[in-house]
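> Quick one: sequence and predicted model below, then my questions.
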Amino acid sequence: MTTAKLTKQMNKKFTSHLTCRIWQHLWNVNRGDVTSDGGYLLWSMPCDRCETVKTIKVRRRTGRIEGTSYVYPADYGFQGLGALDADKRGSIRLTLLDRFGKL
Ligand SMILES: [Zn+2]
């Protein structure tokens with residue numbers, strides 16, 4: 001693999017992570033999986049854009065969601081960053097517009 005090709009892929013991946021941070025993930029329930037855990041169903045679904053996996057814990061009897069967890073890709077650039085405030089989101093939005101050549 002050439003350096004240019006690798007750099008292009010890294011940039012594409014980085015952009016997808018930024019996009020998810022700004023516009024939220026694209027959860028694909030059709031690619032998801034459901035397992036049983038006692039009185040709960042664990043419904044896992046990947047993001048089509050960045051491959052983060054969201055798992056919701058659903059009470060089998062009522063269908064209510066009683067917990068949510070996320071597993072991020074190993075190279076996910078924003079793990080542990082927590083919630084973004086309006087200023088941080090704005091900064092990332094401008095970074096994306098710059099990457100798309102729209103500034
Ligand atoms: Zn995502």
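On my side now, so go ahead. Numbering: from 1, shown residues only.

> Assign the residue lying farthest from the centre of the chain to helix, strand or coil.
When distances to the mean C-alpha position of the chain are computed (CA atoms, centre = their mean), the maximum falls on R61, with 28.6 Å. Put simply, R61 is coil when judged by DSSP: H, G, I helix; E, B strand; the rest coil.

> how far away is it from G39?
7 Å (CB to CB, to the nearest Å). For every residue, glycine as well, the C-beta is placed using N, CA and C.

> just to revisit the earlier point, hang on, the residue farthest from the centre of the chain packs against Y40?
No. Counting by CB atoms under 8 Å, R61 does not reach Y40; the two are 9.5 Å apart.

> where exactly do the strands run in the protein?
Counting by DSSP state E, the chain has strands at residues 33-37, 40-46, 53-59, 65-71.

> C-alpha coordinates for the first one, CSV please?
By that I understand strand 33-37. The C-alpha trace of strand 33-37 is given here as CSV (Å, rounded to 0.1, in the frame of the first residue of the first chain):
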residue,chain,number,x,y,z
ASP,A,33,-27.5,-8.6,16.7
VAL,A,34,-29.7,-9.5,19.6
THR,A,35,-28.7,-11.8,22.5
SER,A,36,-30.6,-12.8,25.6
ASP,A,37,-29.4,-11.9,29.1
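
> Please identify the pairing partners of that strand and their relative orientation?
strand 40-46 (antiparallel) (DSSP bridges).
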